[in-house]
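# build the 3D model from these lines:
(chains A and B)
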Amino acid sequence: QKEVEQDPGPLSVPEGAIVSLNCTYSNSAFQYFMWYRQYSRKGPELLMYTYSSGNKEDGRFTAQVDKSSKYISLFIRDSQPSDSATYLCAIVGRDNFNKFYFGSGTKLNVKP
Amino acid sequence: DAGITQSPRHKVTETGTPVTLRCHQTENHRYMYWYRQDPGHGLRLIHYSYGVKDTDKGEVSDGYSVSRSKTEDFLLTLESATSSQTSVYFCAISAQGGQTYEQYFGPGTRLTVT
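Here you go, the predicted model:
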């Protein structure tokens, strides 16, 4: 069983739509949750992180964590064509911060 | 990708040949990581380093070795490449690995083993 599962998509939405990206994880020991964005043929870049249940906002992006359900989400408001990329969730446990576990990524296409 | 370079960026090699990938950083970060990225699997940690000459295994370390003789360089070696090692390899660095969620990734190396 994978540590973290993510729907690969692809997800295609019109410009201005609200996008919801989701991951589930298996082990309640994971305490820290990140979202990375990866443009085609580039390395991933950190978008957001959180370590507690609830919501965290950063501009048009909101990260949500539900530890009781082991479910994490990323919402993108007013999506733009420049948001077209692959989004990867990542989790890490408190016991070893060096061992990140990544989801397989969801490919998003925002159509103008 | 600022401060992290990977070489080569593309390589095609034959099964059974040795291959070495290089990651070079100019940020003076202590922690460095090698990942591979494959469709359906996302990024998987191969090995990481927490200082010069200090390394540890990740999730998929079989068939790979690493070395770090200088802070700025982290080498990944495939002693005898196999087709299952065809992948995109990413290097990452962290200033406070072990205490932070922030890892910064290089541009990747696309390796094809024929």
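# spell out which parts of chain A neighbour chain B.
Residues of chain A lying close to chain B (CB under 8 Å from any CB of the partner chain) are A:6, A:8, A:32, A:34, A:41-46, A:49, A:51, A:88, A:90, A:92, A:96-105. (Glycine included, C-beta is placed from N, CA and C.)
# whichever of those residues end up buried, select them in ChimeraX.
Under the burial definition 16 or more other CB atoms under 10 Å in any protein chain shown, those of the residues of chain A next to chain B that qualify are selected in ChimeraX by:
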select /A:6,32,34,42,43,44,49,88,90,92,97,98,99,100,101,102,103,104,105
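# which ones among the residues of chain A next to chain B lie within strands?
In strands, judged by DSSP state E, the following of the residues of chain A next to chain B are found: A:Q6, A:Y32, A:M34, A:E45, A:L46, A:Y49, A:L88, A:A90, A:V92, A:F100, A:Y101, A:F102.
# turn the residues you listed into a markdown table, including pLDDT.
Below are those laid out as a markdown table (pLDDT from 0 to 100):
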| residue | pLDDT |
| --- | --- |
| A:Q6 | 93 |
| A:Y32 | 86 |
| A:M34 | 92 |
| A:E45 | 93 |
| A:L46 | 91 |
| A:Y49 | 86 |
| A:L88 | 96 |
| A:A90 | 92 |
| A:V92 | 85 |
| A:F100 | 87 |
| A:Y101 | 89 |
| A:F102 | 92 |
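# now these in CSV, with distance to B:Y64?
As requested, those are arranged in CSV below (distance: CB to CB, whole Å):
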residue, distance to B:Y64
A:Q6, 25
A:Y32, 26
A:M34, 24
A:E45, 25
A:L46, 25
A:Y49, 28
A:L88, 22
A:A90, 21
A:V92, 21
A:F100, 17
A:Y101, 18
A:F102, 18
